[in-house]
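Participant: need the 3D shape of this:
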Amino acid sequence: MSKPVVKVQVKAVLPTKEGCAVFLGNDDKAFIIFVDQSMGAAITMFMRETPKERPLTHDLMADLLTAMGAKVQRAVINNISESTYYARLIVEVQNEITRQRKIVELDSRPSDAIALAIQQKAPIYVSQNVWDDVEDMSDKLREMEGDFEV
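Facilitator: Sure, this is the predicted structure:
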């Protein structure tokens, strides 16, 4: 049985003193996942579809998936424990000979799942229990975005 989820999008990736704040949410609510600077940069590049001279790690992962006939179907942030978020990357694999479809769930850091989902234009979800537990940080998002206005 599948658990209820809430569809979210990356609303912003903003720098902090220790890395980046990734704001995820929808029209009702936003929450923050803190990531290191390199992951924040990778997520931002995929959001902006920034061309790169050489493939980054997530580009390599996507190329491997494609070569194996697989595609990211969705990312799900499915748990939070002691301020640490957990995620699952749902990958669809199709056998090139039999055309049979297989769904594979992979344990993932939320930042990697978000980056790959954005890169492959796959949806991002948050499990309902996590959504209910996180504090609404929409006001903080507006405040931080205001700090960056020119």
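Participant: ok, Leu89 touching Lys71?
Facilitator: No: between Leu89 and Lys71 there is no contact under Cβ atoms under 8 Å: 11.1 Å. C-beta here means a position set from N, CA and C on the backbone, and glycine is covered the same way.
Participant: neighbour count: these two, which is higher?
Facilitator: Between Leu89 and Lys71, counted using other Cβ atoms under 10 Å, the more crowded position is Leu89 (24 against 15).
Participant: tell me the contacts of the residue nearest the centre of the chain?
Facilitator: For the chain, the residue nearest the mean C-alpha position is Ile114 (1.4 Å; Cα atoms, centre = their mean). Going by Cβ atoms under 8 Å, 6 or more residues apart in numbering, Ile114 touches Val10, Val22, Leu24, Ile33, Ile43, Ala75, Ala87, Ile124.
Participant: any idea which element the first one lies in?
Facilitator: So the one you mean is Val10. Using DSSP states H and E, Val10 sits in strand 5-16.
Participant: just how off-centre is that strand within its chain?
Facilitator: Its chain's average C-alpha position is 8 Å from that of strand 5-16, according to Cα atoms, centre = their mean, to the nearest Å.
Participant: who wins for neighbours among the contacts of Ile114?
Facilitator: For the contacts of Ile114, neighbours were counted using other Cβ under 10 Å, and Ala75 has the most, 27 neighbours in all.
Participant: can you pull up the bridge partners for that residue?
Facilitator: Legend: beta-bridge partners of Ala75 under DSSP bridges are Leu89, Ile124.
Participant: my read: it touches Leu89, true?
Facilitator: Yes: if you go by Cβ under 8 Å, Ala75 and Leu89 touch, sitting 5.6 Å apart.
Participant: what touches both of those two?
Facilitator: Ser108, Ala113, Leu116, Ala117.
Participant: tell me the phi and psi of the last one?
Facilitator: Note on Ala117: its backbone torsions stand at phi -60, psi -40 [degrees, to the nearest 10].
Participant: that one: neighbour count?
Facilitator: For Ala117, the tally of surrounding residues (other Cβ under 10 Å) stands at 26.
Participant: contacts only, for it.
Facilitator: Neighbouring residues of Ala117 by Cβ under 8 Å, 6+ apart: Val72, Arg74, Ala75, Leu89, Pro123, Ile124.
Participant: contacts only, for the closest residue to it other than its chain neighbours.
Facilitator: Using Cβ to Cβ, 6 or more residues apart in numbering and skipping the chain neighbours, the partner closest in space to Ala117 is Ala75 (3.9 Å). Contact analysis of Ala75 by Cβ under 8 Å, 6+ apart lists 87-90, 108, 110, 113-114, 116-117, 122-125.
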